[in-house]
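*Asks:* For reference, the sequence and a predicted model appear below.
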Amino acid sequence: METTKYIAFLRGINIGGHNIKMERLRELFSQLGFADVRSYIQTGNIFFETTETDRAALARKIELHLFAALGYEVPTFLRTVRETTDEAELAFQQAEAEKDKEKAVGLYKKAIGLRPKYAEANLALARALADKSDNEGALKAIAAARKARPGYAEASAVEGRIYKAGDNEQKAIAAFKRSISEGKNFQPEAHTGLGLLYKEKAESSGAEGDFQGEKQYYILAAAELEKAAAQLSTAPDAITIYQLLGDCYERAKMYPQAVKVYEKFLRLFPDSSEASAVRSFIVQINKRLNGEQ
C-alpha cells in the first residue's frame, strides 16, 4: 500500500515550559506504527510516513497519544511534505515562534493572506487579537476559522472565551457547549470556560442574597471544572483548575468533596509552590468539620 510523507506541526512543544527531548518525541511517534520518523532540530516538528489517509483522524490519533504520554494537550496540524514548502505555512510557523505579539499578528495575517482558508492561522490570530482586547477582530477570525473547518472545537472554545470577556453570557455558554459537543466531550478549555462563568454567576447570586442560586451555580461550576481537571491530568494548567474546583466545593459547603480535591492535588503536584497553601486548606476544613474554631 502506498505511503504518504507527512510533517506534524506540534503547537506548544518546547515553549511555555512544555519541554521534551526530540528523541522522546520520535519514540512516541514510532509507537503509533509510523515509518521513517524524523525530527527537525528543536522545533517539535516531526516527519513521518504512514499508509493512513484520513488526515483529521490521524491528527486526532496523534493528539490523544501525546496527551496520554505527556499529560497535556498538543494541538497537531498535519501537512504532506510537499505542502510544507508554501509561504503560508512558513509565515504561520514564524508567527508561532514570535514573542512580539504585534509581529505575530502581522505574520498570522500574512499566512491568511496567502491562504485565506487556513483554519489554524485564523484561530491563532483570534487568540492573539483577543489577548489585545480586540474582540471584534477576534470574532471575525473565529468565523473564518469555523468556515474553513466546520465543527472546529478549539475555535468554538476560543469564541466562548471572547464572548465571556465581552459579558455576553448566553453566547458564551452556547459557544462553550458547542465546543464540548464538537470535541466529543474532550475540550478542557471549554469546560474551564463554563466553570469560570458559572463560578462568576454564583458570586453574583451570593452578592444579591440569592444563596440557593449561589450554591446551585457553584455546583455547576464544580461539575465543569472536574471535567477540565480530569482532561488536563498533570498539565501545568491543572494546578490552577484544581484550586478553583476545591474553592467551589468549599463555597458550596461541600467540604468532604473539597478535601478530596485538595488531597488529589497534593498527590499530583506534591512539589508545587501552592502545595503548602493547599495543605492549610485541608487543615481548616477538617477543623470546620470537627466543629473547631
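*Replies:* Looks like it came in fine.
*Asks:* for the chain, what spans make up the strands?
*Replies:* Ranges of strands within the chain are 4-10, 35-40, 45-50, 76-80, based on DSSP state E.
*Asks:* residue ranges of the helices in the stretch 1-150 of the chain, please?
*Replies:* 22-30, 55-70, 87-97, 101-114, 119-131, 135-148 (DSSP state H, counting those that start in this stretch).
*Asks:* Please identify the most buried of the ones you listed.
*Replies:* helix 119-131 (a mean of 23; mean count of other CB atoms under 10 Å). For the C-beta atoms, the positions are set from N, CA and C on the backbone; glycine is no exception.
*Asks:* Contacts for that one, please.
*Replies:* Applying CB atoms under 8 Å, 6 or more residues apart in numbering, the external contacts of helix 119-131 come out as 75, 77, 88, 91-92, 95-96, 101, 104-105, 108-109, 111-112, 115, 135, 137-139, 141-142, 144-145, 148-149, 152, 154-155, 158-159, 161-162, 165.
*Asks:* just to revisit the earlier point, where among the helices of the stretch 1-150 of the chain is average confidence lowest?
*Replies:* Among those, helix 87-97 has the lowest mean pLDDT, at a mean of 78.
*Asks:* Just want the angle from that one to helix 101-114.
*Replies:* 160 degrees (axes from the mean of the first three to the mean of the last three CA atoms, to 10 degrees).
*Asks:* Which phi and psi values does D134 adopt?
*Replies:* phi -90, psi 70 (degrees, to the nearest 10).
*Asks:* err, T234, not the other one
*Replies:* phi -100, psi 20.
*Asks:* Look up how far Y152 lies from it.
*Replies:* Distance from T234 to Y152, counting by CB to CB, to the nearest Å: 27 Å.
*Asks:* Repeat that for R251.
*Replies:* The value you get for R251 to Y152, if CB to CB is used, is 34 Å.
*Asks:* likewise L32?
*Replies:* 23 Å.
*Asks:* same deal with A35?
*Replies:* 30 Å.
*Asks:* and those two? which has more neighbours close in?
*Replies:* Y152 (22 against 12; other CB atoms under 10 Å).
*Asks:* show me the contacts for that one.
*Replies:* 119, 123, 145-146, 182.
*Asks:* So for D210, which of the helices of the stretch 1-150 of the chain sits nearest?
*Replies:* helix 135-148 (29.3 Å; CB to CB).
*Asks:* Now do the closest one: which elements does it pack against?
*Replies:* Where contact means 3 or more CB pairs under 8 Å, 6 or more residues apart in numbering; DSSP states H and E, helix 135-148 is packed against helix 119-131, helix 153-165.
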